[in-house]
Structures are given as C-alpha cells and as structure tokens.
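When you get a sec, could you give me coordinates for this:
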Amino acid sequence: MRQRSSRGSSTVPTGPFVVAPGRELTGPGDWTRIFGRAAPLIVEVGFGKDPFLLDRATARPGEDHVGIERDPGRVEAFAEAIVSRGLTNVRVLPVSAEIALGICFEDGAVAELHVYFPDPWPKLRHAKNRLVQPWFAREARRVLAADGRLFVATDDAPYAAQIRDVLGAAFTDADLAGPSPSTKFERLWRSRGRTIHRMEFAPVPRETSVQWTA
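Below you'll find the model as predicted:
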C-alpha cells in the first residue's frame with residue numbers, strides 16, 4: 001500500500017548519479033565536489049515512486065538535491081529519470097535513512113529536509129520500525145542549517161501526533177509560508193478524501209540543550 005521507503009534490500013546499486021558512502025562519497029563534506037559547486041542542499045528521505053524531488057530539481061536549478069532510498073528498483077528508476085530529464089543537480093543516496101543522516105552530511109549542511117508519507121507501521125508491535133524516532137530527530141537537527149526547515153506529511157493521524165511529540169524537543173513548529181511542497185501521492189490521497197497532516201519544523205538553536213529519549 002505504501003509507496004515510499006528508506007529501507008529495503010542490502011544491495012547497494014551502482015550507476016550514473018548514484019552516490020554511495022565509501023564509494024563515490026568519501027566523506028560527509030564531499031557534496032560540493034560531487035555537484036561541482038556550492039549550492040543549497042535539499043534532501044528527501046524515502047522518495048519511493050514519487051517524482052517530487054525530480055520536479056523540484058527541475059524547477060530550482062540553482063539548488064542541489066539528494067534523494068535517500070534503499071530499494072534498488074526505485075533507485076534505478078529514479079536514476080534513469082534523472083538522465084531522461086537531463087538534470088545535473090540531483091543525486092541518489094542508496095542507503096538507509098540511519099546511514100544517510102548519520103554519516104553522509106556535515107553539521108548544518110542541509111537547507112531543507114523532506115519526508116513524505118513514511119510507512120506508519122500502525123500495529124503497536126511494529127511501531128519501532130517508524131522512521132521518525134529520537135535518533136531521527138537528533139540527526140535531522142544536526143544536519144539542518146540554523147535557518148533550515150524540516151517538512152513532513154502523513155495521512156495517518158496517530159503517526160502525525162507521534163511525529164510532533166518526537167520532534168518537539170529539537171524543533172519548533174514553523175509557519176507554512178507560501179505554497180507548501182506538494183507530492184503526487186498527496187494529490188492522490190486528497191482526491192480520495194484522505195486528511196493530510198502537513199508539518200513544517202525549524203530546528204531549535206544548537207546551543208539549546210536537548211534531552212534525548214530512547
């Protein structure tokens with residue numbers, strides 16, 4: 001049912017525009033070398049089958065975009081789409097969200113972090129598999145610039161409540177200024193009458209002490 005994931009096979013794909021840590025990416029500060037310039041860095045976690053990041057990269061050629069996705073088939077399809085669109089400002093990071101956010105970006109390097117419709121794992125015994133956990137809050141706050149933004153959307157009300165609770169220590173609610181990012185699957189869910197929970201967060205100042213929970 002879900003179309004997005006930051007998990008999947010243990011196989012690390014290769015190919016044009018695919019960047020893996022320890023292979024094309026030799027360190028978290030490599031992005032200016034990989035893109036050949038210094039530009040705002042936009043990251044999406046778990047792009048799945050949605051073209052949101054490709055559309056955004058097309059519309060904003062002055063910014064660089066990194067899509068995190070571990071599923072090899074989705075990585076391959078996304079990389080092919082980059083080539084077919086003639087984009088040069090997009091790369092694919094084919095690893096789990098934990099690895100990507102943990103070791104692939106320097107402190108304060110990311111201007112925007114996008115997470116759309118992550119699997120809600122609705123059964124209580126599966127809740128530990130949800131993407132938005134304390135580790136995610138910690139690493140998202142670390143990689144985002146002081147004026148960066150974290151955008152999240154879900155159609156699952158309980159998960160939306162948990163997301164706000166988990167992120168509450170490290171982020172504050174930010175006003176959704178201007179047109180908010182929209183995805184193909186959001187438009188689909190809305191057409192079917194689902195309520196979409198859209199959230200935008202700003203990281204608390206780095207000097208603010210945060211009590212991380214397990």
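
so residue 184 touches residue 51, yeah?
Yes: taking C-beta atoms under 8 Å as the definition, residue 184 is a contact partner of residue 51 at 6.2 Å. Backbone N, C-alpha and C define where each C-beta goes, glycine included.

Give me the phi and psi angles of residue 149.
Residue 149 adopts backbone torsions of phi -140, psi 140, taken as degrees, to the nearest 10.

what do you get for residue 117?
For residue 117, the backbone dihedrals (degrees, to the nearest 10) come out as phi 50, psi 50.

State the pLDDT value of it.
Looking at residue 117, its pLDDT stands at 93.

again with residue 15
84.

Can you show me the helices along the chain?
Listed in chain order, the helices found in the chain under DSSP state H are 31-35, 52-59, 72-85, 97-103, 134-143, 157-167, 184-191.

Residue 38: neighbour count?
Residues within reach of residue 38, counting by other C-beta atoms under 10 Å, total 9.

and it, how far is that from residue 52?
Remark: distance between residue 38 and residue 52 (C-beta to C-beta, to the nearest Å) = 24 Å.

Can you tell me the closest non-neighbouring residue to residue 99?
For residue 99, the nearest residue in space outside its immediate sequence neighbours is residue 21; the separation is 6.7 Å by C-beta to C-beta, 6 or more residues apart in numbering.

and that neighbour, bridged to which residues?
Using DSSP bridges, the beta-bridge partners of residue 21 come out as residue 25.

wouldn't residue 158 be in contact with residue 122 here?
Yes: judged on C-beta under 8 Å, residue 158 makes contact with residue 122 at a distance of 7.3 Å.

Mean pLDDT for the helices of the chain - can I get that in TSV?
Formatted as TSV, these follow (pLDDT from 0 to 100):
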stretch	mean pLDDT
helix 31-35	97
helix 52-59	96
helix 72-85	96
helix 97-103	97
helix 134-143	97
helix 157-167	94
helix 184-191	78
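
of these, which approaches residue 46 most closely?
With C-beta to C-beta as the measure, helix 97-103 is the member of those nearest residue 46 (6.8 Å).

Alpha carbons of that closest one, in CSV - could you do that?
Presented in CSV, the C-alpha positions along helix 97-103 are these (Å, rounded to 0.1, in the frame of the first residue of the first chain):
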residue,chain,number,x,y,z
ALA,A,97,18.0,6.8,6.4
GLU,A,98,20.0,5.9,9.5
ILE,A,99,23.3,5.7,7.5
ALA,A,100,22.5,8.7,5.3
LEU,A,101,21.6,11.1,8.1
GLY,A,102,24.2,9.6,10.5
ILE,A,103,27.4,9.9,8.3
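
Now do it: which elements does it pack against?
strand 41-45, strand 64-68, helix 134-143 (3 or more C-beta pairs under 8 Å, 6 or more residues apart in numbering; DSSP states H and E).
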